[in-house]
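Novice: give the three-dimensional model of this entry:
(2 chains)
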Amino acid sequence: MTPRAAATREAYPVALLELVEQGVDVFAIDADLSVSTMGHQFGEKHPGRWMTVGVAEQDMVGIAAGLAAAGKTAFIASFAVFLPGRCFDQLRTSVAQPRGGLNVKCVGSHGGVTVGEDGMSAQAIEDIALATSLIPFDVVVPADFEEARQAIVAVGRTSRPAYVRTGRPKVPGLYEDSYKFEIGKASLLREGRDVTLMACGVLVAPALEAAELLANEGISARVLNVATIKPLDQHAVLAAARETGAVVTAEEHQTHGGLGSAVARLLAETLPVPMAFVGVDRYGTSGKWDELLDYFDLTPARIAQAARDAIARKR
Amino acid sequence: MNASAVSPVAVDELKSIAKRMRAHIVRMVYAAQSGHPGGSLSAVELGVALFWNHLRCDPARPDWPERDRFILSKGHATPFYYSLLAERGYFSTDLLSSFRTLGGVLQGHPSMGSAPGIEMSGGSLGQGLSFAIGQAVAGRMDSRDYRCWVLMGDGELNEGQVWEAAMAVPHFGLGEQIVALVDRNGLQNDGFADKIMRTHPVEMWRGFGWKVIECDGHDMAAIDQALSEAERSDARPRCVVAHTVKGKGVSFMENNPGFHGKAPTAEQLEQALREIEAGL
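Specialist: Predicted structure coming up:
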């Protein structure tokens, strides 16, 4: 099967259906955005396992915590600006802290700047920072439909709380269904010796293009899809630093508190190498999603330039 | 219903339990030199009447799936909560001396699973009713008929999330599974509730589609009656608004905003214990 081009959010109802088929006692909640999160598609198939609570994200988190405390695998979905943004305190007090973390899975759709025309208030560039700060949470940012489907199924099969970010636009497929996603495992997309480009989500495809640009100059760039921000794949990140000696991170998120921060912390403690960070450091504007990637300079050219900069700082 | 159904306890017995709880409360806060005595003392009768005469529970089996859930949404009232659980037999009263100490299991605010009977973590207000909705929806899915009793403070009603949940309970038809309890003591952290942020609990709950049952929150028989009424089926979910006195039972704490979150001195403790014993 060729990789499926689709929005990663489309994987949400597919994964929920799969979990129910596998016997997981799922209950899913939406907060009046179920057409966008696609949660309603699950609700139509399993009306007894789904509800929408109106525009009330805080209530949604509390309800999920109660469901989880009573033994259910609770899924909640909204836009990434509202989940975790609007209900961070509820996630902290009602989900993350009780009993080392209740079985609540958050799916923040429309993540990053590629939400597009809705403008800066709708563009989630803080969700990874917020979610990774919740101690027991796993945090995953899938790069395509297939990875998103598998990631949602994977978090649904653990008993830990988790945050999965999905996106609005249709993106190219990277993985066939033979791909095996694992929480905490990065996926090697291209071998390389001179630098490693570590990306997640929508920026994995531009990172691959950047590697192509660099190859034309004789620079050999490794490309790692680091879909799981937490727990980070320490083995793959350290091996990349050791074997290529320079690292670039690329994410549709602030450079504070996202993938770049997680990688930098690990490398600073263990194996410091020159790094460069591609991300977003300002609030945005309206525009089409691909125009916005250019506007924020989240492009193959910028990633390639960051790679040259990092390589130049090698000792 | 089954073997662990509630068997009613006489009012005199309940009153003596309430007296012991008040002594625990002031001793715990004195020993820790921190904590929240005011809103703990105001809730005592409500808690005792509920736990002995209405809550379907078995302290020997705190995880019994059919148990009623008591959810302390006003999480700062831990001296009340822990002494209630200890007196009801969930754990030894000896444990109360570990309140707010390093390494003790009884934290300043409730931590779910840290001791038997603690159903939910708390400390950030306004979250209990939502949690109860989740428990109730799960109960309905699993064909269990337990009830969730959620205790809130009147200051807590400032929190918007309470009203998100208050809207949802009747919408989802959860009135037979959830009862809201409001400890209407009229004070909140910074002072008198009517001055800080005036709420109208009776009108607000009614406006959200609830049946409101008011009672004197220190009259054991009246509370008993109100809780019985809350258990009776109605088209609407029920909210019991118990009119209480913050700091009840200790003269210098009563209606004194200064004792929302403050510990007594040694002399004040002695006086408090004398007054509690005398049944002020």
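
Novice: and the pLDDT for the closest residue to A:K180 other than its chain neighbours?
Specialist: Nearest in space to A:K180, with sequence neighbours left out and distances taken as CB to CB, 6 or more residues apart in numbering or on different chains, is A:Q150 at 7.5 Å. Just so you know, the C-beta spots here come from the backbone N, C-alpha and C atoms, and that holds for glycine as well. Looking at A:Q150, its pLDDT is 98.

Novice: show me the helices in the stretch 151-300 of chain A, by range?
Specialist: A:204-216, A:234-244, A:259-270, A:289-295, A:300-312 (DSSP state H, counting those that start in this stretch).

Novice: make CSV from these and add mean neighbour count and distance to B:D216 to it.
Specialist: Output for these, formatted as CSV (neighbours: other CB atoms under 10 Å in any protein chain shown; distance: least, CB to CB, whole Å):
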stretch, mean neighbour count, distance to B:D216
helix A:204-216, 20, 65
helix A:234-244, 18, 61
helix A:259-270, 18, 56
helix A:289-295, 17, 61
helix A:300-312, 20, 69
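
Novice: could I get those helices as JSON lines with distance to A:A162 and mean pLDDT?
Specialist: Formatted as JSON lines, the helices of the stretch 151-300 of chain A follow (distance: least, CB to CB, whole Å; pLDDT from 0 to 100):
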{"stretch": "helix A:204-216", "distance to A:A162": "20", "mean pLDDT": "98"}
{"stretch": "helix A:234-244", "distance to A:A162": "19", "mean pLDDT": "98"}
{"stretch": "helix A:259-270", "distance to A:A162": "16", "mean pLDDT": "98"}
{"stretch": "helix A:289-295", "distance to A:A162": "25", "mean pLDDT": "96"}
{"stretch": "helix A:300-312", "distance to A:A162": "28", "mean pLDDT": "98"}
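
Novice: go through these and name the closest to A:D32.
Specialist: helix A:289-295 (22.7 Å; CB to CB).

Novice: same for that closest one, what does it pack against?
Specialist: Helix A:289-295 sits against no helix or strand, with contacts defined as 3 or more CB pairs under 8 Å, 6 or more residues apart in numbering or on different chains; DSSP states H and E.

Novice: which residues are in contact with it?
Specialist: Helix A:289-295 has contacts (CB atoms under 8 Å, 6 or more residues apart in numbering or on different chains) with A:113-116, A:123, A:168-169, A:202, A:206, A:284-285, A:287, A:299.

Novice: ok, of those residues, which come out buried?
Specialist: Neighbour-count burial (16 or more other CB atoms under 10 Å in any protein chain shown) is assigned, among the contacts of helix A:289-295, to A:113-116, A:123, A:168-169, A:202, A:206, A:284, A:287, A:299.

Novice: could you pull up phi and psi at A:V20?
Specialist: phi -60, psi -40 (degrees, to the nearest 10).

Novice: residues touching it, list them.
Specialist: With CB under 8 Å, 6+ apart, A:V20 has these contacts: A:26, A:46, A:49.

Novice: any chance you could map the helices in chain B?
Specialist: B:11-32, B:38-41, B:44-53, B:78-88, B:128-141, B:160-171, B:193-196, B:201-207, B:220-231, B:266-278 (DSSP state H).

Novice: send the alpha carbons of the second one over as CSV?
Specialist: Just to be clear, that refers to helix B:38-41. Taking Å, rounded to 0.1, in the frame of the first residue of the first chain, the C-alpha atoms of helix B:38-41 are listed here in CSV:
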residue,chain,number,x,y,z
GLY,B,38,-13.0,27.6,59.1
GLY,B,39,-14.4,25.7,56.1
SER,B,40,-13.7,22.4,57.8
LEU,B,41,-15.7,23.2,60.9
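
Novice: what sits against the residue nearest the centre of chain B?
Specialist: In chain B, the residue lying closest to the centroid (CA atoms, centre = their mean) is B:L151, at 4.5 Å. Residues in contact with B:L151 (CB under 8 Å, 6+ apart) are B:43, B:46-47, B:70-74, B:77, B:128, B:181, B:183.

Novice: distance check, it against chain A.
Specialist: According to CB to the nearest CB, to the nearest Å, B:L151 and chain A sit 15 Å apart.

Novice: ok, what's across the strand from that residue?
Specialist: B:L72, B:L181 (DSSP bridges).

Novice: model confidence score at it, please.
Specialist: 98.

Novice: count of residues packed around B:H109?
Specialist: Neighbours of B:H109 under the rule other CB atoms under 10 Å in any protein chain shown: 19.

Novice: who's in contact with stretch A:34-41?
Specialist: Stretch A:34-41 is contacted by residues A:9-10, A:12-13, A:16, A:28-30, A:43, A:50, A:52, A:75, A:77-79, A:107, A:109-110, A:168 when judged by CB under 8 Å, 6+ apart.

Novice: then stretch B:257-275?
Specialist: Applying CB under 8 Å, 6+ apart, the external contacts of stretch B:257-275 come out as B:23, B:26-27, B:29-30, B:32-39, B:76, B:187-192, B:246-247, B:249-253.

Novice: from these, which land in strands?
Specialist: Among the contacts of stretch B:257-275, DSSP state E puts B:187-188, B:191-192 in strands.

Novice: can you pick the most crowded of the residues you listed?
Specialist: Per-residue neighbour counts (other CB under 10 Å) across the ones in strands among the contacts of stretch B:257-275 peak at B:L187, which has 27 neighbours.

Novice: of the contacts of stretch B:257-275, select the buried ones using a ChimeraX command.
Specialist: To isolate in ChimeraX the members of those that are buried, counting by 16+ other CB under 10 Å, one can use:
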select /B:23,26,27,29,30,32,35,36,37,38,39,76,187,188,189,246,247,249,250,253
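
Novice: show me which residues of chain A are close to chain B?
Specialist: Within chain A, the positions lying close to chain B (CB under 8 Å from any CB of the partner chain) are A:27, A:48-49, A:51, A:53-54, A:56, A:58-72, A:74, A:89-90, A:92-94, A:97-99.

Novice: okay, and which of those map to helices?
Specialist: Those of the residues of chain A next to chain B mapping onto helices are A:58-69, A:89-90, per DSSP H.

Novice: now for those residues: which two are most distant?
Specialist: Greatest spacing in those, by CB to CB: A:L67 and A:D89 (18.8 Å).

Novice: that older thread, would you format the helices of the stretch 151-300 of chain A as TSV with distance to B:R147 included?
Specialist: Converted to TSV, these look like this (distance: least, CB to CB, whole Å):
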stretch	distance to B:R147
helix A:204-216	49
helix A:234-244	47
helix A:259-270	44
helix A:289-295	48
helix A:300-312	57
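
Novice: looking at those helices, spot the one closest to B:E277.
Specialist: Closest among the helices of the stretch 151-300 of chain A, using CB to CB: helix A:259-270, at 57.5 Å.
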